[in-house]
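A.B. asks: The following block contains a protein sequence and its predicted model.
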Amino acid sequence: MSAMFEPTPADLLIYPHFPEGEIKLLGHFDWFDGPMNGVVLHLGNYYWFQAFFDDDEGKDTFYFLYPLIDDDLKNCRAFFERLQEFANALKPFENPTGHLQTPEAAALGAFQEQARADFRAKMKVFSSHKPVGWFSSSGNSSFAGVILTEKNGVSYISPKRPG
């Protein structure tokens with residue numbers, strides 16, 4: 001396999017911009033104030049997206065798109081289905097505060113973490129090649145994420161507003 005593609009800000013000038021309104025988020029893997037990577041659909045084609053960087057003001061995150069071949073897409077779908085199965089299996093073990101405090105829940109959580117680790121190894125391959133384009137979080141509420149603010153010693157989470 002070739003060396004990992006290391007994008008730079010200049011790459012935004014090289015690769016085509018995909019209009020944000022045409023990007024449909026199908027599933028994400030990592031989350032940090034918004035989706036960091038996962039699968040999107042654009043005009044009938046499936047892509048792996050990977051966050052690159054925020055703009056200087058922290059309003060936008062830029063994402064590079066990498067085409068998914070059939071086997072890659074099958075792996076993504078299987079992983080996201082498995083995550084949903086884990087979430088459904090954990091629901092009976094949630095207490096009113098949302099914490100999981102049983103041995104069964106701990107075991108399911110361990111299985112989930114192993115599944116995430118296995119998938120993480122596969123997803124490195126998705127973004128190891130050069131991208132086919134990019135988009136930003138601006139103009140697509142699925143990628144807007146959240147903002148954590150503090151007022152009078154109380155933390156608030158609110159949606160980031162696109163644009």
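C.D. replies: Thanks, I have the structure now.

A.B. asks: Mind listing the strands the longest strand along the chain pairs with, and their directions?
C.D. replies: Across the chain, the strand with the greatest residue count (assigned by DSSP state E) is strand 45-54. Here strand 45-54 is paired, per DSSP bridges, with strand 37-42 (antiparallel), strand 61-67 (antiparallel).

A.B. asks: Just after the last one, pick out the following helix or strand.
C.D. replies: This points to strand 61-67. helix 70-90 (DSSP states H and E).

A.B. asks: list the buried ones in that next one?
C.D. replies: Using 16 or more other CB atoms under 10 Å as the test for burial, helix 70-90 gives D72, L73, N75, C76, F79, F80, R82, L83, F86, L90. Placement of C-beta: from N, CA and C, glycine included.

A.B. asks: contacting residues for the last one?
C.D. replies: The contact partners of L90, taken as CB atoms under 8 Å, 6 or more residues apart in numbering, are L100, A105, L108, G109, Q112.

A.B. asks: what does the second one give?
C.D. replies: When the contact criterion is CB under 8 Å, 6+ apart, the partners of L73 are V39, Y46.

A.B. asks: gap between it and N45?
C.D. replies: 10 Å (CB to CB, to the nearest Å).

A.B. asks: now swap in the last one and tell me
C.D. replies: When CB to CB is the yardstick, L90 and N45 sit 33 Å from each other.

A.B. asks: got the strands paired with strand 45-54 as TSV, with distance to S136, mean pLDDT and mean neighbour count columns?
C.D. replies: Below are the strands paired with strand 45-54 laid out as TSV (distance: least, CB to CB, whole Å; pLDDT from 0 to 100; neighbours: other CB atoms under 10 Å):
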stretch	distance to S136	mean pLDDT	mean neighbour count
strand 37-42	13	90	20
strand 61-67	5	90	22
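
A.B. asks: So which of the contacts of L90 sits lowest on pLDDT?
C.D. replies: Among the contacts of L90, L100 carries the lowest pLDDT, at 58.

A.B. asks: The residue nearest to R82 when sequence neighbours are not counted: what's it in contact with?
C.D. replies: With sequence-adjacent residues excluded and distances taken as CB to CB, 6 or more residues apart in numbering, R82 is closest to A115, at 5.5 Å. The contact partners of A115, taken as CB under 8 Å, 6+ apart, are F79, R82, L83, F86.

A.B. asks: Ok, which of the strands paired with strand 45-54 comes nearest P16?
C.D. replies: strand 61-67 (9.3 Å; CB to CB).
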